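Asks: Build me a model from this:
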Amino acid sequence: MTDVSLGMPQLPAPDYPADVRARLEADAKEVIARYPDSRSALLPLLHLVQSEEGYVTRTGVRFCAEQLGLTTAEVTAVSTFYSMYRRKPSGDYQVGVCTNTLCAVMGGDAIFEELKEHLGVGNNETTEDGKVTLEHIECNAACDFAPVVMVNWEFFDNQTPESAKQLVDDLQAGRPVEPTRGAPLCTYKDTARILAGFPDERPGAVEATGGAGPASLIGLRLAKGESPQPRVVAPRGEASRDRAPQDEAPQPGAEHLSSHDAPQETSASDPANPAGPAAEEGE
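Replies: Now for the predicted structure:
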């Protein structure tokens, strides 16, 4: 016979200590004032409470609900919908490996598997020292630089299993780590506060750029009436000297290929199998 216990109902979430609550209330008031409807402030408020403890606790949910006149159920529904809100304690550095289609086939899957073994953790798990939380993530619009690893949402482009392992080793050892592009790295709690809408106080962060690569920008160039480059991205392994200069006009008849594309047979290149006119269904 198996014992069955219904257990006791969960007690209300505890409140923050008085000094912490006073500080968060002042910040919350500033956030709420940005919106004509206070309910719209829920997303940045969730980032605010996440910056306090590293994840959205029951206390954080209670705080958001009280500030906005919502129920804890309403706040919980939102906080559990978005993956950027953590539901359990996590590391100082969220290391996300893109495993969406392009990054995966370019090596993202291999990087993720090697990092799991190297760190001794699974997906969405944290190392024993509390430094690194590993997770697979969806596309971060950096396909030009696949495979991509992100640390606290900063880009580390063109990674390999070896470079990714060196990256997490440096994070755990406290050695300086610089993203490939964009702002300097900071802890996850600091990132959460920035996402809540407070000033980014990292030196050089505002001036830093993290622009897209040429393949992603080709549509913008065409929309502006600019001539496209003869080759969007040089194939992997091709020496940089073979790339067309950024401001060089394309030559007539030049190929327009992406490094991720391979020539495909079409009816125009395969006379033996020409494409006929499309027929209506039933004809």
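
Asks: In contact with Tyr85, which residues?
Replies: Contact partners of Tyr85, counting by CB atoms under 8 Å, 6 or more residues apart in numbering, are 46-47, 50, 55-56, 79. In short, each C-beta sits where N, CA and C put it, glycine included.

Asks: In helices only, show me these.
Replies: Mapping the contacts of Tyr85 onto helices (DSSP state H) picks out 46-47, 50, 79.

Asks: Just the buried residues from the residues you listed, in ChimeraX please.
Replies: To isolate the buried members of the ones in helices among the contacts of Tyr85 in ChimeraX, using 16 or more other CB atoms under 10 Å:
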select :46,47,50,79
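
Asks: Out of the ones in helices among the contacts of Tyr85, the closest to Asp27 would be?
Replies: His47 (10.6 Å; CB to CB).

Asks: got a pLDDT number for the closest one?
Replies: Confidence at His47, expressed as pLDDT, is 97.

Asks: how much space between it and Leu11?
Replies: 26 Å (CB to CB, to the nearest Å).

Asks: Equivalent analysis for Glu135, please.
Replies: Separation of Glu135 from Leu11 (CB to CB): 31 Å.

Asks: Of the contacts of Tyr85, which is the nearest to Gly130?
Replies: The closest of those to Gly130 turns out to be Tyr55 (CB to CB; 12.2 Å).

Asks: so that closest one makes contact with Gln94?
Replies: No. Using CB atoms under 8 Å as the test, Tyr55 is too far from Gln94 to be in contact (10.7 Å).

Asks: What ranges does this protein have for its strands?
Replies: Secondary structure of the chain (DSSP state E): strands located at 93-98, 125-126, 132-137, 149-151, 154-156.
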